[in-house]
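Visitor: what's the 3D shape of this:
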Amino acid sequence: MKVTVKTLDNTEAGEIDLSDAVFGVDVRKDLLHRAVRWQLAKRRAGTHKVKGRSEVAGTTKKPWRQKGTGRARAGSLRVAQFRGGGVVFGPTPRDHGFDLPKKVRALALKTALSSKVKAGQVLILDRLAADSHKTAAMRQKLAALGLKSAIFIGGEEIDGAFALAIRNLPFIDVLPSQGANVYDILRRETLVLSKDAVEKLEARLS
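Guide: Here you go, the predicted structure:
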């Protein structure tokens, strides 16, 4: 499919042909859901921890004798029913990640790209580069392009001045092509790709 290429100054810079095999697949919400769950599960720290009865501080003495007090028998003050006791079956450090096949991940990324194309939320720029690292100038350029919530995906490397100019703007993300992922594409309204990014993504996913 043919898409108009623009510059950061909001002028036309020709056209580009997007591959239907990457940007024109059927949108499957189930794949997007699986990919987002996989990404969010992998980023969880899993460092939650509580102390069990063997770990809490306290005496090991039997609280009172076994019989004759009229109270329920007890062998430790560190059990869960006493104040300051341990937690039963509480969370312990673990890895929340799970496996997702490579083919499923690749198809999910194609689906995310295609969903933005079908929604008309894709903008192709000739290149992601800035003459100045000033954020105010970049904010004006994005306003002219009508971008309030967007993710910019460039080639193998992001221009230093561009990265500095855009990094403090809210709801704006910047990634190199190898960092393109389903979650970051879906969480922003507009997907902005450089011509280099299109080539890299098509080579990666074809």
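Visitor: quick one, domains of this structure?
Guide: 2-44+98-205, 50-90 (automatic domain parsing).
Visitor: Can you tell me which of those is most buried?
Guide: Each of those was scored by mean neighbour count; the highest is domain 2-44+98-205, a mean of 16, by mean count of other CB atoms under 10 Å. All C-beta spots, glycine's among them, are computed from the backbone N, C-alpha and C.
Visitor: Quick check: next helix or strand after the helix or strand where Leu113 lies?
Guide: Of the helices and strands defined by DSSP states H and E, Leu113 is found in helix 102-118. Counting by DSSP H and E, the element after helix 102-118 in chain order, helix or strand, is strand 122-125.
Visitor: for that next one, the distance to its chain's centre please.
Guide: In terms of CA atoms, centre = their mean, to the nearest Å, the centre of strand 122-125 is found 21 Å from the chain centre.
Visitor: Put the alpha carbons of the helix or strand that comes right after that strand into CSV.
Guide: Using DSSP H and E, the helix or strand that follows strand 122-125 in sequence is helix 135-145. Output of helix 135-145 as CSV, limited to C-alpha atoms (Å, rounded to 0.1, in the frame of the first residue of the first chain):
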residue,chain,number,x,y,z
THR,A,135,12.5,20.7,23.4
ALA,A,136,10.5,23.9,22.7
ALA,A,137,11.3,23.7,18.9
MET,A,138,10.5,20.0,18.8
ARG,A,139,7.2,20.6,20.6
GLN,A,140,6.2,23.1,17.9
LYS,A,141,7.0,20.7,15.1
LEU,A,142,4.9,17.9,16.8
ALA,A,143,2.0,20.3,17.2
ALA,A,144,2.1,21.1,13.5
LEU,A,145,2.0,17.4,12.8
